[in-house]
Each structure stands twice: as C-alpha cells, then as structure tokens.
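In: Take this sequence and fold it.
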Amino acid sequence: MSVDRISNMISTMKNVSMSGREVLEVPYSLECESIAKVLKEKGFVDEVKVFKKEGSSAKMLKIKLSKDGSTIKLSEARRISKPGRRVYKGYQEFKPVLQGLGVLVVSTSRGIMDAQEAKKKKLGGEVICEVY
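Out: Next up is the predicted model:
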C-alpha cells in the first residue's frame with residue numbers, strides 16, 4: 001500500500017487551520033513543495049522550508065499558514081484527483097473557485113501551477129486540489 005503524500009499534506013493543512021495553529025510539518029516530496037509554493041504565491045501560505053530533523057535522514061517540509069488578523073486565511077482544502085480516480089481537465093473547463101477567492105491547483109506538462117496561470121498558457125492537466 002502506498003501513501004498519498006499530497007492528500008496527507010492537504011488534510012494536515014486543513015486540520016491545523018481549524019485548530020488555530022499556523023505551523024505544520026509534513027514529509028517532503030517535490031510535488032508537495034510545488035503545491036505549497038503555489039499556495040504561497042496566492043497568499044494562503046507565508047513560508048515554505050525544507051529541512052531535516054536532527055538524527056534523521058528523511059526530509060520534512062515546514063509550512064507556515066498565512067493569517068488575516070487573528071484568523072487563518074485557509075478555511076477549506078479539498079483533494080480532487082486521487083490515486084484511485086484521476087481527474088483531468090482542459091484549460092477551457094477551469095472555473096473560478098468560490099468566485100475567485102480560492103485557488104485550483106493543477107499539474108500540467110510545464111509543472112504545478114494554479115488554474116488561472118494554466119488558463120493563460122492554454123494548458124490543461126490533472127486537477128490536484130482546491131483551496132479557499
């Protein structure tokens with residue numbers, strides 16, 4: 001059985017934001033780092049760092065969620081394409097998330113980006129998650 005690191009990261013982000021904390025640590029993967037960087041560009045995340053814990057050889061990803069006053073900006077995160085059911089869309093099919101307040105993260109042939117950027121470049125791909 002394999003571990004879906006993206007789903008793990010997304011659910012951890014949601015749980016941490018609901019608990020009121022703003023810092024989380026998840027196991028590292030290049031995809032998770034790319035998704036976190038897209039969320040940083042869109043203002044849901046303040047800081048993304050890759051580090052190794054002392055005495056361990058495994059890399060970890062430290063993510064600091066962005067705050068708007070005393071509340072955390074990220075209120076909901078949902079995985080769309082899953083290992084058992086992949087979801088692919090063309091760039092014409094991308095719709096705004098929560099009337100433009102959210103972000104749709106897409107994996108394209110040119111890397112992981114948000115749906116607005118993919119639409120500008122006329123690239124479709126696998127819809128990874130939505131965050132708002």
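In: Now Lys122: phi and psi?
Out: Dihedral angles phi and psi of Lys122 (degrees, to the nearest 10) take the values phi 60, psi 50.
In: Ok, Leu65 next?
Out: The phi/psi pair for Leu65 (degrees, to the nearest 10) is phi -70, psi 150.
In: Ok, Asp4 next?
Out: Backbone torsions of Asp4, given as degrees, to the nearest 10, read phi -90, psi 100.
In: what's the neighbour count on the closest residue to it other than its chain neighbours?
Out: Nearest non-adjacent residue to Asp4, counting by Cβ to Cβ, 6 or more residues apart in numbering: Pro83, 5.6 Å away. (Glycine included, C-beta is placed from N, CA and C.) Residues lying near Pro83 (other Cβ atoms under 10 Å) number 11.
In: and if you look at Arg79?
Out: Count around Arg79 with other Cβ under 10 Å applied: 20.
In: State the distance from it to Arg85.
Out: Per Cβ to Cβ, to the nearest Å, Arg79 is found 10 Å from Arg85.
In: Give me the three-state assignment for the spatially most central residue of the chain.
Out: Against the mean C-alpha coordinate of the chain, by Cα atoms, centre = their mean, the closest residue is Ile35 at 4.0 Å. Here Ile35 is recorded as helix under DSSP: H, G, I helix; E, B strand; the rest coil.
In: Please consider this matter closed, and thank you.
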